[in-house]
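Q: turn this into a structure:
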Amino acid sequence: MAQEPGSIDDILGAFSEYKKLFSLSGTIETVSRLYDEINKVNKTFTEGRLRAVEFGNAVTDSVAGVVRVGGDVNQIGQTIIDIAAGARRNIVATTETIVELTAASRALGNIPIETLAENFSKVGFDVSNIAENIEDSLSYIQSIGLNATTVFGDVSRNMEMMNRFNFEGGVVGLTKMAAQASMLRFDMQTTAKFADSVVNPDNAIKMASAFQRLGVMAGDLVDPFVLMDKSINDPGGLQDSLVEMTKQFTYFDEETNSFRINPGAVRLMKELATETDISFEQMSKTALAAADLDRRLSEIDFSIDASEEDKMLVANMAKMGEGGQYFVELSDENGRVEQKRLQDLTQNEFERLRELQETRPKTMEDIARAQLNTNELIARDIKALPMQLAYAIAGQGGVIRLTEATRRASDTAIGGAYREGALPTGREFRQMFEGVGDALKNTLFEAMQGDMGAFERAYEMINVESISESVKTRLRTYLDNLEFQGGPRGPEEDFIQKQMFDRIKSLGTSLDGGTSTTTIDNNVNFGGAFTIRVEGQPGLDTKALTDYVNSESFKQKMTMVIQEEMQKQNKPLPR
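A: Sure thing, here's the model as predicted:
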């Protein structure tokens, strides 16, 4: 039966990584995986091979951190690519940034890393500062007891608002607005649209007059100058004013223990919807949520000494009980849970609730790790150490440089054959066969009609042997002229490249089936020519066989056989 992720088998499997990763096959496999990531980045950046060591270092140094926050080693290359794509530059992020954004993506419901990088880059943040701003935002969201994934999702989607409005505190200011919008079921884009509508004096005056004419308690919304100022410099404050206005249209129904829209206010809210272009449905949802929050906050004893954020935190922890009163749950020293009404909370009990929130994870890595179950957390920590060591070995700059040196040597020697014209081009090959097409077609047609000799005539027509010899000659010439050129890269790389060149040059001696006519003539000379006469059974084509065994290629092969046999018998070779 398959095991769930994070099972005990994962822990045991993590231990087995130690032995596997440090075996020869494991090291080779690690180097191969590392190069997969290097090639992945290199292919996307399209910068040749100049930054291979830089790519390798980024992957190698990030391995342990990525694994420990729940990421996959095979995704590190893609993370580097996504960060660069979001920033629209071929930058290789630091180890810290790679790990932090991997953690942020996982902790925030798998928001794409490219999306995070792009959204922050569009409002002027370098990729190295993204995680710090996310941590500050999450700290605020958690401090008032809201869902970080939901609220920060709104922040990420509405990041462009930072270019349209001024937020005190930067990203945190935008986060506060998003947190309020989420808590009170208000759409941030509704606020942005309203702000854009009152940014010029004429519209601001008309909107303020509409609020006055309808007789609603709209606070500073009846002042056109305040409307214009908040529409640019304080969109969060503008949203506060709109939310505050809606609360007057609600009442608490004691029978159902729920908040309701006052029937007499429905007509007025619909007129407001027409004037503000904020839908009746939007205003009613916000009004009910705001009234509910107000009631919870009002039940906290006014004598409690705490910040507004801490009171908001406790209020958001509260649930409605009997009689419409709110309560929170507290654990004593023995772990027993008791319910405590908000209005009965003492200063000490309030502090205990606040301190619980203070123990929350604060860095992106800690937040991501807090989301792993216990077995998975242990397994990943066990697995990260050997992987870190294995990749440190595989990712040595010298190893990567030598691998790249081998690649360069091969490309220079073998690839040069194509660049310098050692081999015929595709056009030259085609031209070699031109002129035989029609004749070949006719000959093959004759073969299909039963003329078996047509195949032999077609072969002679193509003249494959002549063409093959021409190609061999050109390749021999290229290999004979191939010279190793050392460089400033160091003796190790020169050694690797020299070995590669020597092996490639040795191909010249194997072009004739592993023999060399020159070598045979220098070592063995039987003196003069010789002819082999063939006799056989009736029906044997002795002439064709005689022609074959008297060919130069057959004689050379026979010479080699005789030479090898005489060497085995320790007999002197003929001179």
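Q: how is the chain carved up into domains?
A: 398-514, 515-575 (automatic domain parsing).
Q: would you single out the least confident of those domains?
A: Note on the domains of the chain: domain 515-575 shows the lowest mean pLDDT, a mean of 56.
Q: any low-confidence regions in the stretch 1-150 of the chain?
A: 1-26 (pLDDT under 70).
Q: in it, which spans are helices?
A: Using DSSP state H, counting those that start in this stretch, the helices of the stretch 1-150 of the chain run over 8-21, 24-45, 52-68, 76-87, 95-107, 113-122, 130-143, 148-157.
Q: for the ones you listed, give me TSV that also has mean neighbour count.
A: Where C-beta positions appear, they are placed from N, C-alpha and C, glycine not excepted. Converted to TSV, the helices of the stretch 1-150 of the chain look like this (neighbours: other Cβ atoms under 10 Å):
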stretch	mean neighbour count
helix 8-21	15
helix 24-45	17
helix 52-68	23
helix 76-87	22
helix 95-107	23
helix 113-122	20
helix 130-143	20
helix 148-157	20
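Q: and these: which comes nearest Asp187?
A: Among the helices of the stretch 1-150 of the chain, the nearest to Asp187 by Cβ to Cβ is helix 148-157 (9.2 Å).
Q: tell me which element the nearest residue to Arg341 once chain neighbours are set aside falls in.
A: Nearest non-adjacent residue to Arg341, counting by Cβ to Cβ, 6 or more residues apart in numbering: Phe327, 5.0 Å away. Secondary structure assignment for Phe327, by DSSP states H and E: strand 326-331.
Q: mind listing what's buried in that strand?
A: 326-328 (16 or more other Cβ atoms under 10 Å).
Q: again with stretch 368-385
A: 368-369, 372, 375-385.
Q: over to stretch 298-314?
A: For stretch 298-314, by 16+ other Cβ under 10 Å, it's 299-300, 304, 306, 310-314.
Q: let me know the closest of these to Thr79.
A: Of those, the one sitting nearest to Thr79 (Cβ to Cβ) turns out to be Leu313, at 33.7 Å.
Q: once you drop chain neighbours, what's closest to that closest one?
A: Leaving aside its chain neighbours, Leu313 sits nearest to Gly145 (4.5 Å; criterion: Cβ to Cβ, 6+ apart).
Q: quick check: that neighbour vs Asp136, distance?
A: Gly145 sits 17 Å away from Asp136, going by Cβ to Cβ, to the nearest Å.
Q: could you dump the helices of the stretch 1-150 of the chain to TSV with distance to Leu293?
A: Shown next, in TSV, are the helices of the stretch 1-150 of the chain (distance: least, Cβ to Cβ, whole Å):
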stretch	distance to Leu293
helix 8-21	43
helix 24-45	47
helix 52-68	38
helix 76-87	36
helix 95-107	26
helix 113-122	29
helix 130-143	16
helix 148-157	15
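Q: now do the strands in the chain.
A: Taking DSSP state E, the strands of the chain run over residues 250-253, 258-261, 319-320, 326-331, 337-341.
Q: mind putting those into TSV with distance to Lys176 and mean pLDDT?
A: Shown next, in TSV, are those (distance: least, Cβ to Cβ, whole Å; pLDDT from 0 to 100):
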stretch	distance to Lys176	mean pLDDT
strand 250-253	24	92
strand 258-261	24	92
strand 319-320	24	90
strand 326-331	24	88
strand 337-341	28	87
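Q: any chance of the ones you listed in a markdown table, plus distance to Thr473?
A: What follows is those, written out as a markdown table (distance: least, Cβ to Cβ, whole Å):
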| stretch | distance to Thr473 |
| --- | --- |
| strand 250-253 | 96 |
| strand 258-261 | 95 |
| strand 319-320 | 91 |
| strand 326-331 | 90 |
| strand 337-341 | 91 |
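Q: for Lys230, which of those is the nearest?
A: Among the strands of the chain, strand 250-253 comes nearest to Lys230, with 23.8 Å by Cβ to Cβ.
Q: show me what that closest one is packed up against.
A: If contacts are counted by 3 or more Cβ pairs under 8 Å, 6 or more residues apart in numbering; DSSP states H and E, strand 250-253 sits against strand 258-261, helix 280-298.
Q: who touches the first one?
A: Read that as strand 258-261. The contact list for strand 258-261 (Cβ atoms under 8 Å, 6 or more residues apart in numbering) reads 249-253, 269, 284, 287-288, 291-292, 295.
Q: buried subset of these?
A: Buried, going by 16+ other Cβ under 10 Å: 249-250, 269, 284, 287-288, 291-292, 295, out of these.
Q: which two of the residues you listed have the greatest separation?
A: Met269 and Arg295 (20.1 Å).
Q: mind listing what the closest residue to Ile113 other than its chain neighbours touches?
A: Spatial nearest neighbour of Ile113, excluding adjacent residues (Cβ to Cβ, 6+ apart): Asp82 at 4.2 Å. Asp82 makes contact with 112-114, 117, according to Cβ under 8 Å, 6+ apart.
Q: nearest to Asn262, of those?
A: Once Cβ to Cβ is applied, the member of the contacts of Asp82 that ends up nearest Asn262 is Pro112, at 44.3 Å.
Q: mind checking how far that closest one is from Ile81?
A: Distance from Pro112 to Ile81, by Cβ to Cβ: 12 Å.
Q: check Glu365 too.
A: 21 Å.
Q: what of Lys122?
A: In this view, Lys122 and Ile81 are 19 Å apart by Cβ to Cβ.
Q: and if you look at Lys176?
A: Computed with Cβ to Cβ, the distance linking Lys176 and Ile81 is 33 Å.
Q: circling back: list just the nearest of the buried ones among the contacts of strand 258-261 to Tyr35.
A: Nearest to Tyr35 among the buried ones among the contacts of strand 258-261 is Asp292, at 57.7 Å by Cβ to Cβ.
Q: what about the residue lying closest to Glu271 once chain neighbours are set aside, neighbour count?
A: Nearest residue to Glu271 in three dimensions, chain neighbours excluded: Leu214, at 5.9 Å (Cβ to Cβ, 6+ apart). Neighbour count for Leu214, taken as other Cβ atoms under 10 Å: 13.
Q: residues contacting Leu214?
A: Leu214 neighbours (Cβ under 8 Å, 6+ apart): 268, 271-272, 275.
Q: now a PyMOL select for only the buried ones of those.
A: Only the buried entries of the contacts of Leu214 go into this PyMOL selection, using 16+ other Cβ under 10 Å:
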select buried, resi 272
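Q: I figured Ser139 hits Pro361, correct?
A: No: in this structure Ser139 lies outside contact range of Pro361 using Cβ atoms under 8 Å: 10.3 Å.
Q: and the residue nearest to Leu313, how close does it get to Lys122?
A: Per Cβ to Cβ, Gly145 is found 30 Å from Lys122.
Q: and which of the buried residues of strand 326-331 is nearest Asn348?
A: Val328 (13.7 Å).
Q: and that closest one, what does it touch?
A: Contacts of Val328 by Cβ under 8 Å, 6+ apart are 314, 317-319, 339-340, 342, 345, 353.
Q: drop anything exposed from those.
A: 314, 317-318, 340, 342, 345, 353.
Q: in helices, which of these appear?
A: Secondary structure defined by DSSP state H assigns 314, 317, 353 of the buried ones among the contacts of Val328 to helices.
Q: ok, so what distance separates Ser551 from Thr97?
A: Ser551 is 70 Å from Thr97, by Cβ to Cβ.
Q: Val314 too?
A: 36 Å.
Q: can you pull out the helices in the stretch 151-300 of the chain?
A: Along the stretch 151-300 of the chain, the stretches classed as helices by DSSP H, counting those that start in this stretch are 161-164, 171-183, 188-197, 201-214, 224-233, 235-246, 266-276, 280-298.
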